[in-house]
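In: okay, predicted coordinates and the sequence, questions at the end:
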Amino acid sequence: MLTYDLINKNKRESWVLIFSFLILITLLGWAFSWRFGDVNILYFAVGFSVITSFISYYFSDSITLAISRAKEVDRQSNQELYRLVENLCITAGLPTPKIYIIDDTAPNAFATGRDAKHAVVCFTTGILAKLEKPELEGVVAHELSHIGNYDIRVMTLVVVLVGMVTLLSDWFMRASLFGGRRKSNNSEGGQLGTILAIASLVLVILSPIIATLIKLAVSRKREYLADASGALLTRYPEGLARALEKISADTEQLEAANKATAHMYIINPLKEHKGKDSTGWFANMFNTHPPVEERIAKLRNMNL
């Protein structure tokens, strides 16, 4: 697939993603309104989903940076890092993004933003201290590839959207457990009422799972491409391969990361898996990243 085709595909997927979450939140609103016999709840859910999508599109990067407790740096405060990013941006034909740093000794990095003109690359102090220059260049090139491919828009959107679906589901479950019940309706048959009650409960239970699976699938399939694109940018796949080895071998968990933002990092920052990441296709469905060993092998098999 050509780069321009990929960019257009990611732009389309951004809107498909927003539309999918709009439908999911609207269905949750229906479940609320039916359960409590109040159609106003459905109207609220629709309005809430529209506002949430708007906020996600324009402000999800700021929300992500705030959650991560990242601080912006400029050319004067870190000339070496700024120059490294700037030089690779010139090679990639991208505007220089804003650069942020998380004060944490765990090595990791991510990119965020809605497009190349509003992009951010974020590094931990740990990755700056522990990687050699060719390795750090590989990481920067990987993150710039996410920016150039418009991966960042899709990956950042799901941080807020998945959180909203999970929050609404949690509200409904708590309301159901603590006395919420549907008003009686004599025109509705008992069998139909039972079916709808079961359907609404299943929807509430499955919604956060479905939303999470969407998020994980979106993240995993983009990492391989960003690895390859980053290696092509530096013309040195071994640099990124060695960086992935060092980051994955580090046992320290990144305190600023959480399950909502973990999929954005170059390596899973939560360190949930020991040893090999791959334990079968079913387990991999719930991984935020593809297996590190496979990523490294693909990089070392590249012929540039």
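Out: That came through fine. Numbers count the residues shown, from 1 in each chain.
In: doesn't residue 227 belong to a helix?
Out: Yes. Secondary structure of residue 227 (DSSP: H, G, I helix; E, B strand; the rest coil): part of a helix.
In: pull the number of nearby residues for it.
Out: Residues lying near residue 227 (other CB atoms under 10 Å) number 26. Every residue, glycine included, has its C-beta placed from N, CA and C.
In: with residue 108 instead?
Out: Neighbour count for residue 108, taken as other CB under 10 Å: 25.
In: please enumerate the strands of this structure.
Out: Secondary structure of the chain, counting by DSSP state E: strands at 71-73, 98-102, 109-113, 119-124.
In: now those strands in a markdown table, with mean neighbour count, mean pLDDT and distance to residue 60?
Out: Shown next, in a markdown table, are those (neighbours: other CB atoms under 10 Å; pLDDT from 0 to 100; distance: least, CB to CB, whole Å):
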| stretch | mean neighbour count | mean pLDDT | distance to residue 60 |
| --- | --- | --- | --- |
| strand 71-73 | 13 | 94 | 17 |
| strand 98-102 | 21 | 97 | 15 |
| strand 109-113 | 27 | 93 | 8 |
| strand 119-124 | 26 | 96 | 11 |
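In: out of the ones you listed, flag the one nearest residue 38.
Out: strand 109-113 (37.7 Å; CB to CB).
In: could you dump the strands of the chain into a markdown table and include distance to residue 131?
Out: Compiled in a markdown table, these are given as follows (distance: least, CB to CB, whole Å):
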| stretch | distance to residue 131 |
| --- | --- |
| strand 71-73 | 17 |
| strand 98-102 | 14 |
| strand 109-113 | 10 |
| strand 119-124 | 10 |
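In: ok, which of those comes nearest residue 301?
Out: strand 109-113 (23.6 Å).
In: pretty sure residue 267 is touching residue 247, no?
Out: Yes. Under the criterion of CB atoms under 8 Å, residue 267 makes contact with residue 247 at 4.5 Å.
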